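Visitor: got a structure for you, letters missing:
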């Protein structure tokens, strides 16, 4: 690509048009991103492109051309930095959505597929012990060969021991990939993998874009709890809090009446049963001691 | 709770839970009796079915006993 | 419970829970004040840590929940 | 909470829970009354069935108590 | 149960839970006192932390109450 | 509750929770501000330790939730 | 939490929880706004039912109450 960049005068018209097309797209969209599509079959890519149509434009082009296009942008344009992320099987994405929505849309395209020989394990791959659907046969030996302890129980092949067969970041051998496939282990995630996106003057990396919705829900619950507690403590009466405030006052009153005790009709039954419970508790302490209790309490 | 204990003692002994009774039980225990509280207690107990009220306690106490170490 | 509400009102407002206070609050609410009940209330609260007594709510109040229909 | 107690007191006394009532009960307790808070309270209570709200309170104790160790 | 109530009454009143005390409280309640039982109870309560037993009762009772229908 | 959230926001931002602050936050949210409610809120929060108050679990919470339609 | 408070304020006020709204509320509270955080919040809220999330809040408070000393 260096060569081409240096000999731009010899670039054919169609390439010039393509470069201009990229630059125009960068300028006419709110955000531009680089997406890694490694492992995504061309047919799946077409389906994803259709699904995202109207929201995200997927633009497949040569890396060399996008590189030239980004480098041709004015010095003060943040999108220039995207050139640094052009590597491997990538496509350009343009959208008028915000980067977070783009990230969510692209994440939704991801699915798990079986590994192929030579794939890098995206995380530790573990084969769980337990029964398999295989009938006894050469498979037992084949599993053993890739380090999976297998045996035969009740006429079926079983995995005898849970085993981590590949560590995160290590290459998966062809033989192991085949065995994992037969065990229906799908360790590889494929889909549109957003590598970097620029909006205005801001570069967002995937780590910036992943929002934990469960945690967010928790924060909303917490914030609502804060507001509620504050209202209860400060006695702030609103439509939302007046009933709980009445209930709080009622409970406080009852608690005070019972614990003081204050002889009010409404709580007499509670006061009486509290006294009885206390008496029974003390009676329990002396239970079993000769003659300490009357017949009624012994039973 | 002394006042309540006195009332329940009288009740268990089959005596009427009235001001005189509660006062004399409390006095026997060496308590300096507050007339107003005695009156309030007796008034609050008017119309209350003591047997029923404490029956609920027995129910509550049963698991408590089971849970005791 | 008016008497208890009056006591808690005074307490929450940072005022002493005494006979004069309780009486005047009740009167302002249009309640015909029973002197004996006021005295009984104030006597019952003598030496009671109201904040603590309120906080015990959950436990003491529980039988009430059970008793509810 | 003194404002809420004033409202409950009026309610129990069978009086309307309005601005005048709440204010006068609070004043009787020696509270420096904040008109805006009184208004907010009365407005919040509009359409609220106080009796029902009180009745629901009894159940409140149970879940908390059950969760206790 | 009268005997235990008499003991609790004395305890709450801050008086010693002894034979004389229990007997006189029971007599005041009109109970015909069984001397042997008073002795047995007083002996059995020696070494019992009544305050603790009472406190535990409140806790233990709560879940039971909560479980009630 | 938007008024309470405005107060919480100011508090978290380290700003004083006063009438001007609450009003301007509400206005920024496009809320038509009710002066009386702002005054009531600010008055209610006077002397309240917000940090402590929001950390305190309100025991009345459970029934409120249950009661919600 | 400022961002969440701002979002809840808008939500409770019946206003759309969008970037412009959240930013202007935060600015009014004197918070230095981080555009990326605002965007992240608004985007994430697309998949969150705020009403549902906060309905759980009240329930969450209950066990906390029980656990309090």
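Guide: Yep, that arrived. Values in this document were obtained by computation on a predicted structure and should not be read as measured data. Numbers count the residues shown, from 1 in each chain, chains lettered A, B, ... in the order given.
Visitor: List the strands paired with the helix or strand hosting residue A:195, with their directions.
Guide: Assigned by DSSP states H and E, residue A:195 belongs to strand A:193-199. Strand A:193-199 pairs in its sheet with strand A:31-36 (antiparallel), strand A:202-204 (antiparallel), by DSSP bridges.
Visitor: roughly how far is it from the heart of the chain?
Guide: Computed by CA atoms, centre = their mean, to the nearest Å, the chain-centroid distance of strand A:193-199 equals 18 Å.
Visitor: Go ahead and list the helix or strand containing residue A:112.
Guide: Assessed by DSSP H and E, residue A:112 sits inside strand A:111-113.
Visitor: how about that strand: buried residues?
Guide: If you call a residue buried by 16 or more other CB atoms under 10 Å in any protein chain shown, then strand A:111-113 has these buried ones: residue A:113. Just so you know, the C-beta spots here come from the backbone N, C-alpha and C atoms, and that holds for glycine as well.
Visitor: What pairs with whichever helix or strand comes after that strand, parallel or antiparallel?
Guide: Counting by DSSP H and E, the next helix or strand C-terminal to strand A:111-113 is strand A:125-127. Sheet pairing of strand A:125-127 (DSSP bridges) gives strand A:163-166 (antiparallel).
Visitor: Return the set of buried residues in the next helix or strand after the strand it pairs with.
Guide: Following strand A:163-166 in sequence order, the next helix or strand is helix A:174-182 (DSSP H and E). Going by neighbour count (16+ other CB under 10 Å), the buried part of helix A:174-182 is A:176-180.
Visitor: tell me, which of the residues you listed make contact with chain G?
Guide: The subset of the buried residues of helix A:174-182 within reach of chain G, by CB under 8 Å from any CB of the partner chain, is empty.
Visitor: Rebuild the residues you listed as a markdown table, extending it with pLDDT.
Guide: A markdown table is the format used below for the buried residues of helix A:174-182 (pLDDT from 0 to 100):
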| residue | pLDDT |
| --- | --- |
| A:176 | 91 |
| A:177 | 92 |
| A:178 | 91 |
| A:179 | 90 |
| A:180 | 91 |
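Visitor: ok, so of those, who is nearest residue A:117?
Guide: Distance to residue A:117 across those (CB to CB) is lowest for residue A:177, with 4.7 Å.
Visitor: For that closest one, which residues are in contact?
Guide: Shown in contact with residue A:177 (CB atoms under 8 Å, 6 or more residues apart in numbering or on different chains): A:114-119.
Visitor: if we go to 10 Å?
Guide: Residues near residue A:177 by CB atoms under 10 Å, 6 or more residues apart in numbering or on different chains: A:114-119, A:146, A:166, A:171, A:185, A:187-188.
Visitor: cool, and residue A:168?
Guide: Taking CB under 10 Å, 6+ apart, we find residue A:168 in contact with A:120-125.
Visitor: swap in residue A:124?
Guide: When contacts are counted by CB under 10 Å, 6+ apart, residue A:124 touches A:164-170, A:187.
Visitor: among those, which two are most distant?
Guide: Using CB to CB, the pair of the contacts of residue A:124 lying farthest apart is A:165 and A:169, separated by 13.7 Å.
Visitor: Please enumerate the shared neighbours of these two.
Guide: Joint contacts of residue A:165 and residue A:169 (CB under 10 Å, 6+ apart) are A:121, A:124.
Visitor: more crowded one of those two?
Guide: Using other CB atoms under 10 Å in any protein chain shown as the criterion, residue A:165 and residue A:169 rank with residue A:165 on top: 21 against 10.
Visitor: mind checking pLDDT for the more buried one?
Guide: Note on residue A:165: pLDDT of 90.
Visitor: what's the most buried one of the strands paired with strand A:193-199?
Guide: Counting by mean count of other CB atoms under 10 Å in any protein chain shown, strand A:31-36 has the highest mean neighbour count of those, with a mean of 24.
Visitor: May I see the buried residues of stretch A:274-288?
Guide: Counting neighbours by 16+ other CB under 10 Å, one finds that the buried residues in stretch A:274-288 are A:274-286.
Visitor: ok, back up a step: show me just the buried residues among the contacts of residue A:168.
Guide: Listed as buried from the contacts of residue A:168 are A:121, A:125; burial here means 16+ other CB under 10 Å.
Visitor: Kindly indicate which of the contacts of residue A:168 lies nearest residue G:19.
Guide: Scanning the contacts of residue A:168 for proximity to residue G:19, where the rule is CB to CB, the winner is residue A:122, at 33.1 Å.
Visitor: ok, that closest one - contacts?
Guide: Counted by CB under 10 Å, 6+ apart, residue A:122 has contacts A:112, A:115, A:168-169, A:187-189.
Visitor: For chain C, see how far away it is.
Guide: Taking CB to the nearest CB, to the nearest Å as the measure, residue A:122 falls 49 Å from chain C.
Visitor: So for that residue, what's the pLDDT?
Guide: pLDDT recorded at residue A:122 is 86.
Visitor: lowest-pLDDT helix or strand in chain A?
Guide: Of the helices and strands making up chain A, the lowest-confidence element is helix A:2-6, at a mean of 50, by mean pLDDT, DSSP states H and E.
Visitor: How about chain B?
Guide: Scoring the helices and strands of chain B by mean pLDDT, DSSP H and E places helix B:50-67 at the bottom, with a mean of 63.
Visitor: Which residues are in contact with the residue nearest in space to the middle of chain A?
Guide: Centre of chain A computed as the mean C-alpha position; nearest residue by CA atoms, centre = their mean is residue A:212, 6.4 Å away. Taking CB under 10 Å, 6+ apart as the criterion, residue A:212 is in contact with A:218-219, G:44.
Visitor: got JSON lines for those, with pLDDT too?
Guide: Formatted as JSON lines, the entries for the contacts of residue A:212 read as follows, by pLDDT from 0 to 100:
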{"residue": "A:218", "pLDDT": "90"}
{"residue": "A:219", "pLDDT": "91"}
{"residue": "G:44", "pLDDT": "85"}
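Visitor: Could I get the contacting residues of the closest residue in space to residue B:21 that isn't next to it in sequence?
Guide: With sequence-adjacent residues excluded and distances taken as CB to CB, 6 or more residues apart in numbering or on different chains, residue B:21 is closest to residue B:10, at 4.9 Å. Taking CB under 10 Å, 6+ apart, we find residue B:10 in contact with B:16-18, B:21-22, B:24-25, B:50, E:2, E:5, E:28-31.
Visitor: And residue B:10, how close does it get to chain G?
Guide: To chain G, residue B:10 is 37 Å away according to CB to the nearest CB.
Visitor: Just the pLDDT at that residue, thanks.
Guide: Residue B:10 is assigned 95 on the pLDDT scale.
Visitor: Quick check: next helix or strand after the helix or strand harbouring it?
Guide: Using DSSP H and E, residue B:10 maps to helix B:2-12. Downstream of helix B:2-12, the next assigned helix or strand under DSSP H and E is helix B:19-28.
Visitor: Show me what counts as buried in that following helix.
Guide: So for helix B:19-28, counting by 16+ other CB under 10 Å, buried means B:21-26, B:28.
Visitor: From the chain's centroid, how far away is the helix or strand where residue A:25 lies?
Guide: Using DSSP H and E, the element containing residue A:25 is helix A:13-28. Distance of helix A:13-28 from its chain centroid, counting by CA atoms, centre = their mean, is 36 Å.
Visitor: which helices and strands does it pack with?
Guide: Counting contacts by 3 or more CB pairs under 10 Å, 6 or more residues apart in numbering or on different chains; DSSP states H and E, helix A:13-28 is packed against strand A:31-36, strand A:56-59, helix A:63-71, strand A:90-95.
Visitor: got a list of contacts for it?
Guide: Identification of contacts with helix A:13-28 by CB under 10 Å, 6+ apart yields A:4, A:8, A:11-12, A:32, A:57, A:59, A:61-62, A:64-73, A:77, A:79-80, A:82, A:92-94, A:96, A:198.
Visitor: Sounds good, over and out.
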